[in-house]
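Visitor: Let me see the structure of the following:
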Amino acid sequence: MFDTERLILACLVATGVAADAAVDFEKDIKPLLETKCLSCHNPNNTKGKVLLHSAESVIGDPASLVVPNEPGDSLLLEVIAPGSDGADAEMPEKGEALSAEEVDQVREWISAGAPWPEGLVLKEASKASTDWWAYQTLKPPKLATIDAYVGARLGEEGLAFNPTADRRTLLRRATYDLTGLPPTPDEVAAFIADSRPDAYARMIDRLLSSPRYGERWGRHWLDVVRFGESNGFERNILIDNLWPFRDYVIGSINADKPFDQLIREHLAGDVLGAGDPEIAIGSAFLVAGPYDNVGNQDAVAAAQIRADTIDEMIRATSESFLGLTLGCARCHDHKFDPIKSEDYYGLYATFAGVRHGETTLASEQQRADRAAKLKPLKQRRAGLIEQQKSATDPAEQGRLKAQIAALDAELKALPPLPKAWIGTRSAAPGPFAIFLGGSPQRKGGEALPASLSPLDGKVAGYRLASDGPESERRLRLAEWITDPDNPLPQRVLANRLWQHHFGAGIVDTPNDFGYMGGRPTHPELLDFLAIKLKENGWRLKAMHRLIMHSRAYQQSSRWDQAAADIDSSNRLLWRFSPRRLSAEEIRDTILSISGKLELDKMGGPGFRLYEYQQDNVATYVPLDQHGPETYRRAVYHQNARASVIDLMTDFDQPDCAFSVPRRVATTTPLQALTMLNHSFTLDMAEALAARVAVEPGAGAQVSTAFELAYQRRPDPQELARAVAAVEAHGLRAFCRAILNSSELIYLD
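Guide: Numbers count the residues shown, from 1 in each chain. Sure, this is the predicted structure:
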């Protein structure tokens, strides 16, 4: 084989072909190696102990992968070329084989001496480059309204908007979207009777000003930032002082805090709000995820667990704020997006000083007040001790001892300063290194706290010394993410808002705007919304108004088979997609219509729908009975990771071990069995029956139940059948049926 190749090459040279078709390494050979070979043969994945990323690993002894000027003696050429008997090439094992032209290029390169630019190190090519749509500067709008964009896209497919929904439907839709609760019969009657031109706008403003709004949209954001009140893993111990972060999120959203400010406080609230607990608590985001605290591990295991812990923070940050799956670059350059390992380990260096744990979280005034109370007590105690030292009379000594004991008891009784689970900080001065293959035991090149390279040239970047202040790293990252020129967080947040109003985002993978994520159905509309978000100072309430005033949002959910044949999933929005209520909405709705929901009990430590049992590990046993102390909004439940809660888990409340950008909605037999038979729904059926029993007669009782549950009156046939059911089986059985009806938990 080798002699034949030499003969062919000699013929080519003799005829001048090789000289005329000179191969350029960077133009011809580098792309081949990066796209066809490096996925298996790079420092992070040394398959067959073969590396192809540098001249030293490819050319010359000992591997003889490439012998300059000798293609016949070069193993690389042998394995990429088809056999003389027509057999397939040995390499690459996966993916498309090299074409005959590409094999010839490698042969010619070797024959020319295998030139390799000095110092050049190859990296596996990603599927997307920095010209990927998500990294581009926001495009100025061409159209003036949401409906113009949606309508134009519908028109391209021969589709049109549905008619506008009726007022009762619009009120129910808007009330659930903004508060997660049903409207009351009085609110329905008032809205239907309101003939003012701005009645709809007034209704939206009323809902946005309700404290219920922050509870509803706070829950959305808590899903994204993987808020959970246990540490997860095998021990899964409860964390009893992370609830202030939940209250901070709800309060921030109710106050319409600019979302770029919220992001900065999540990453560096303890820096921005030093001495201000209401801001510092925002940085609990960093430690709101699971972490392994099993302990007793050797140094290698401890280093791996620490790397896993920081990886969790990196993934939460990149997915929540940037819509990037940065975790893929932990072991190697991202295979699909233009994210380098250096980018990942730049964030690793940024978060290296953050550790899980509780920290005193008190204002300067709280600290001063406590110090003022402690000082005289400590001074008196010190004086008594001095007196005791000089006292010779036993009775006097006894008296002094008793006074000291009394003071000790008084000191002990002083409430300590509050603590919260916002983590602890250390200097972590570095140096930091890239971990080859993600292993802390295999150190590669140096890593420095720095901005992400895919946005270089679009957003002003930064690169910090590893021995700089820990706080500066996180602060610079927060400022870079929220830079007005950074298009990613604006697109990502606009997409999340759209998703929660329409059921699916313009990009249907809200945490992944990369190559493996979905493509935007309306890219220009997404940029329009992102620009509006920035123009409105990153405030969400203005965006709700913008979206909810659109025709796209207000249209009916009426089915049209012809439209469905073109767009069965309604991605183009020819109608409003119905949805099932979330687990929290279902529970809150049942409590609300039964008259048992305690809306005034906002904030504070959460209630539990499980019995917490702790030994070396934690066990969560679902409660069979849900007492009145649990009749609060579900957002205030103390959600522990890997805990199973009747009704809530059945209706797809997600485990909070990971960021959950979008809820799933399954249909299972267990849902029906729980709603029909659990003591909670039985108790609520009893409460609903008692609430409507005050009405005179079965007809009025049925009508009141319909208005509470469905925000409408029954039609004549429904009324007749329901009254017959009440008379035959009793009011409680009828109310139990109401709680088990599909109309209660579906929104159109």
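Visitor: list the buried ones in the lengthiest helix in the chain?
Guide: Identified as the longest helix of the chain according to DSSP state H is helix 364-390. Of all the residues in helix 364-390, those buried under the rule 16 or more other C-beta atoms under 10 Å are 381, 384, 388. All C-beta atoms are positioned from the backbone trio N, CA, C, and that covers glycine.
Visitor: If we only consider the residues you listed, which is nearest to Thr649?
Guide: The shortest approach to Thr649 among the buried residues of helix 364-390 belongs to Arg381, at 52.8 Å (C-beta to C-beta).
Visitor: Surely that closest one touches Glu410?
Guide: No. Arg381 is beyond contact range of Glu410, at 9.3 Å (criterion: C-beta atoms under 8 Å).
Visitor: Leu120: neighbour count?
Guide: Neighbour count for Leu120, taken as other C-beta atoms under 10 Å: 12.
Visitor: And it, which helix or strand is it part of?
Guide: Using DSSP states H and E, Leu120 sits in no helix or strand.
Visitor: now it: how far from Glu26?
Guide: Per C-beta to C-beta, to the nearest Å, Leu120 is found 8 Å from Glu26.
Visitor: And for Arg202?
Guide: Counting by C-beta to C-beta - Arg202 and Glu26 are separated by 65 Å.
Visitor: Ok, Leu122 next?
Guide: The value you get for Leu122 to Glu26, if C-beta to C-beta is used, is 10 Å.
Visitor: Looking at the two now, which is surrounded by more residues?
Guide: The neighbour count for Leu122 versus Glu26, taken as other C-beta under 10 Å, is higher for Leu122 (22 against 10).
Visitor: you'd agree that one is in a strand?
Guide: No. Leu122: not assigned to a strand; according to DSSP: H, G, I helix; E, B strand; the rest coil it is coil.
Visitor: Spit out the contact partners of it.
Guide: Counting by C-beta atoms under 8 Å, 6 or more residues apart in numbering, Leu122 makes contact with 30, 33-34, 38, 52-54.
Visitor: Which of those fall within strands?
Guide: Taking DSSP state E, every one of the contacts of Leu122 sits outside strands.
Visitor: among those residues, who's most crowded?
Guide: Neighbour-wise, the contacts of Leu122 (other C-beta under 10 Å) top out at Leu38, 23 neighbours.
Visitor: For the stretch 451-600 of the chain, which segments count as helices?
Guide: 470-481, 487-502, 523-535, 540-548, 551-554, 561-566, 583-593 (DSSP state H, counting those that start in this stretch).
Visitor: do you know how far the residue positioned nearest the centre of the chain is from Leu414?
Guide: Centroid-nearest residue in the chain, with C-alpha atoms, centre = their mean: Val224, separated by 3.0 Å. Note on Val224: its distance to Leu414, by C-beta to C-beta, is 39 Å.
Visitor: same question, Leu529
Guide: Leu529 sits 52 Å away from Leu414, going by C-beta to C-beta.
Visitor: Could you do Glu234 as well?
Guide: 38 Å.
Visitor: hang on, the earlier thing: ok, now which ones touch the residue nearest to the centre of the chain?
Guide: 320, 496, 511, 659-661.
Visitor: same for the helix or strand harbouring Leu171, what does it pack against?
Guide: Here Leu171, judged by DSSP H and E, is contained in helix 167-179. Counting by 3 or more C-beta pairs under 8 Å, 6 or more residues apart in numbering; DSSP states H and E, the packing neighbours recorded for helix 167-179 are helix 185-193, helix 199-208, helix 211-224, helix 540-548, strand 746-747.
Visitor: how about 7 Å then?
Guide: helix 185-193, helix 199-208, helix 211-224, strand 746-747 (3 or more C-beta pairs under 7 Å, 6 or more residues apart in numbering; DSSP states H and E).
Visitor: what mean pLDDT does that helix have?
Guide: The average of the pLDDT scores along helix 167-179 is 98.
Visitor: hmm, back to that, so can I have JSON lines of the contacts of Val224 showing distance to Pro71, pLDDT and neighbour count?
Guide: As requested, these are exported to JSON lines (distance: C-beta to C-beta, whole Å; pLDDT from 0 to 100; neighbours: other C-beta atoms under 10 Å):
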{"residue": "Ser320", "distance to Pro71": "52", "pLDDT": "98", "neighbour count": "24"}
{"residue": "Arg496", "distance to Pro71": "55", "pLDDT": "98", "neighbour count": "22"}
{"residue": "Asn511", "distance to Pro71": "48", "pLDDT": "97", "neighbour count": "24"}
{"residue": "Ser659", "distance to Pro71": "51", "pLDDT": "95", "neighbour count": "20"}
{"residue": "Val660", "distance to Pro71": "55", "pLDDT": "96", "neighbour count": "20"}
{"residue": "Pro661", "distance to Pro71": "52", "pLDDT": "96", "neighbour count": "20"}
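Visitor: any idea which of the residues you listed is closest to Asn162?
Guide: Nearest member of those to Asn162, counting by C-beta to C-beta, is Arg496, at 24.5 Å.
Visitor: so how far is Pro622 from His678?
Guide: Per C-beta to C-beta, His678 is found 10 Å from Pro622.
Visitor: What about the spatially closest residue to Pro71 that is not a sequence neighbour, how many residues nearby?
Guide: Nearest non-adjacent residue to Pro71, counting by C-beta to C-beta, 6 or more residues apart in numbering: Ile110, 4.3 Å away. When counting by other C-beta under 10 Å, one arrives at 26 neighbours for Ile110.
Visitor: Pretty sure Ile110 sits against Leu77.
Guide: Yes. Between Ile110 and Leu77 there is a contact under C-beta atoms under 7 Å: 6.3 Å.
Visitor: Help me confirm that Thr317 is found in a strand?
Guide: No. Judged by three-state DSSP, Thr317 forms no part of a strand; its state is helix.
Visitor: Tell me the pLDDT of it.
Guide: Predicted confidence (pLDDT) at Thr317: the value is 98.
Visitor: Please name the residues that touch it.
Guide: By C-beta atoms under 7 Å, 6 or more residues apart in numbering, the contact set of Thr317 is Leu347.
Visitor: try 8 Å this time
Guide: Thr317 sits next to 267, 326, 347, 351, 477 when contact means C-beta under 8 Å, 6+ apart.
Visitor: contacting residues around the last one?
Guide: The reference is to Leu477. Contacts of Leu477 (C-beta under 8 Å, 6+ apart): 267-268, 317, 347, 350, 449, 451.
Visitor: how far away is it from Ala460?
Guide: 13 Å.
Visitor: hmm, back to that, with respect to Lys596, which of the contacts of Val224 is nearest?
Guide: Once C-beta to C-beta is applied, the member of these that ends up nearest Lys596 is Val660, at 27.9 Å.
Visitor: Find the helix or strand that Arg732 is a member of.
Guide: Using DSSP H and E, Arg732 falls in helix 731-739.
Visitor: what packs against that helix?
Guide: Looks like helix 731-739 contacts helix 679-692, helix 698-710, helix 716-729 (3+ C-beta pairs under 8 Å, 6+ apart).
Visitor: For Pro68, which of the ones you listed is the nearest?
Guide: Across the helices and strands packed on helix 731-739, Pro68 has its closest neighbour in helix 679-692 (77.5 Å, C-beta to C-beta).
Visitor: Please name every helix or strand in contact with that closest one.
Guide: For helix 679-692, the elements it packs on are helix 583-593, helix 698-710, helix 731-739, judged by 3+ C-beta pairs under 8 Å, 6+ apart.
Visitor: neighbours of Thr130, just the number please.
Guide: Number of residues near Thr130 (other C-beta under 10 Å) recorded here: 15.
Visitor: Look up how far Ser466 lies from it.
Guide: Per C-beta to C-beta, Thr130 is found 26 Å from Ser466.
Visitor: Same question for Ala160.
Guide: From Ala160 to Ser466 the distance is 59 Å (C-beta to C-beta).
Visitor: do Asp256 as well
Guide: For Asp256 relative to Ser466 (C-beta to C-beta), the value is 39 Å.
Visitor: cool, and Val249?
Guide: Separation of Val249 from Ser466 (C-beta to C-beta) stands at 32 Å.
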